[in-house]
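**Student:** Structural data only, the sequence is not supplied:
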């Protein structure tokens, strides 16, 4: 299972890049990746539906609400099963 910061799905990539620059000056830099860039982490695994998607859309118990806006959360989630 992976959750990961992303520049996808957000209205403010400039702001996200600013946050990323701050973290790059630390011992634990923030690396944002796209869904396509996360796929190699699932090598040898079958990606479970709905795939690598914005956090609020990974199998919610109810439909995502306005508070679950992926452009606010700036994250992706995915789950894989050993193939």
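**Tutor:** Arrived safely. Remember, it's a predicted structure, so these values are computed and weren't measured experimentally.

**Student:** Let me see the ranges of the helices in this protein.
**Tutor:** 13-24, 35-38, 70-73 (DSSP state H).

**Student:** worst average pLDDT in those helices?
**Tutor:** Least confident of these, judged by mean pLDDT, is helix 70-73 with a mean of 63.

**Student:** hey, where'd the strands end up in this protein?
**Tutor:** Along the chain, the segments classed as strands by DSSP state E run 2-5, 45-47, 53-54, 75-78, 80-82.

**Student:** Can you point out the buried residues in the first one?
**Tutor:** If you call a residue buried by 16 or more other C-beta atoms under 10 Å, then strand 2-5 has these buried ones: 4-5. Where C-beta positions appear, they are placed from N, C-alpha and C, glycine not excepted.

**Student:** tell me which strands and helices it is in contact with?
**Tutor:** strand 75-78 (3 or more C-beta pairs under 8 Å, 6 or more residues apart in numbering; DSSP states H and E).

**Student:** swap in the last one?
**Tutor:** Here strand 80-82 is seen to pack against strand 45-47 when contacts are counted using 3+ C-beta pairs under 8 Å, 6+ apart.

**Student:** what are the pairing partners of the strand it packs on, and which direction each?
**Tutor:** strand 80-82 (antiparallel) (DSSP bridges).

**Student:** ok, and what's touching the partner strand?
**Tutor:** Identification of contacts with strand 80-82 by C-beta atoms under 8 Å, 6 or more residues apart in numbering yields 1, 42, 44-48.

**Student:** Ok, stretch 33-53 next?
**Tutor:** Outside stretch 33-53, the residues that touch it by C-beta under 8 Å, 6+ apart are 2, 4-8, 57-59, 76-83.

**Student:** now those residues: which count as buried?
**Tutor:** Among those, those classed as buried by 16+ other C-beta under 10 Å are 4-6, 8, 57-58, 76-80.

**Student:** Out of these, which comes closest to residue 20?
**Tutor:** residue 5 (8.1 Å; C-beta to C-beta).
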